[in-house]
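Participant: what's the 3D shape of this:
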Amino acid sequence: YKSFVNISARLPRVVPVLGAPGSTHAHASLLIMIENRAVSFCDPKYMLKNPLMHFENDDCTTIHKHATGVTLPTFLKTLGVEMTSRCITIPDDPPAQAGEKHCNGRGNVLRVVYNGEEAKIEDLSYHELENNDHILINFGKEVGAALKFKYNQVPAIPLDVNPVESEALIYGASEPTVGA
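Facilitator: All right, here's what the predicted structure looks like:
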């Protein structure tokens, strides 16, 4: 997977501007874990929520991005997920805890692993989602190897959704080959 760019090293920090519908077409994979429970966005109400970025076809982990400028926080807002550097609030999951805020404390910490590297949550607004990004949002006690184990549970983007990128990953090519 690609490495997350250390955005804080770049100046000036500019939030990407959303482009027009159809200005790009890319896919990213997202898994949100609250302690040891994966959050499910498989309910039909989470499908096709926004024409610029969405889940679709009952695939509740692959983000379909149809406009430039889409960031992870922008996408999360379309689902009703609120995230700060210390807290995450998930609507309806599980229903008994709908809207419960999960905040750092009692050993639990909110962390984001972006393409295999822990990323500063406050930097996510400055990083546009790119094709084949793999993202874990984890609220729990895991660090080090345990956090990497959870990151390894982020699903691959299906071959029929992202055939060229997936083929490059399978065969180890750094760049997809054309006509090979």
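
Participant: Tell me, how many residues neighbour the closest residue in space to residue 86 that isn't next to it in sequence?
Facilitator: Nearest non-adjacent residue to residue 86, counting by CB to CB, 6 or more residues apart in numbering: residue 104, 4.6 Å away. From N, CA and C alone the C-beta is placed, and that goes for glycine too. Neighbourhood size, residue 104 [other CB atoms under 10 Å]: 15.

Participant: pLDDT wise, what is residue 104 at?
Facilitator: Listed pLDDT for residue 104 reads 97.

Participant: Enumerate every residue touching it.
Facilitator: Contact analysis of residue 104 by CB atoms under 8 Å, 6 or more residues apart in numbering lists 86, 87, 110.

Participant: Residue 114 too?
Facilitator: So residue 114 contacts 4, 124, 127, 133, 134, 135 (CB under 8 Å, 6+ apart).

Participant: And residue 124, by the same measure?
Facilitator: 71, 72, 73, 112, 114.

Participant: which ones among those are found in helices?
Facilitator: The helices, defined by DSSP state H, take in 72, 73 from the contacts of residue 124.

Participant: Export the contacts of residue 124 as TSV, with columns for pLDDT and distance to residue 25.
Facilitator: Conversion of the contacts of residue 124 to TSV gives the following (pLDDT from 0 to 100; distance: CB to CB, whole Å):
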residue	pLDDT	distance to residue 25
71	97	17
72	98	18
73	97	21
112	97	24
114	96	21
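
Participant: can I assume residue 157 is in contact with residue 135?
Facilitator: No - assessed by CB atoms under 8 Å, residue 157 is found out of contact with residue 135, at 11.5 Å.

Participant: shared neighbours, these two?
Facilitator: 28, 29.

Participant: Quick check, residue 13 in contact with residue 120.
Facilitator: No - Residue 13 is not in contact with residue 120 according to CB under 8 Å; the separation is 11.6 Å.

Participant: more neighbours, those two?
Facilitator: residue 120 (15 against 11).
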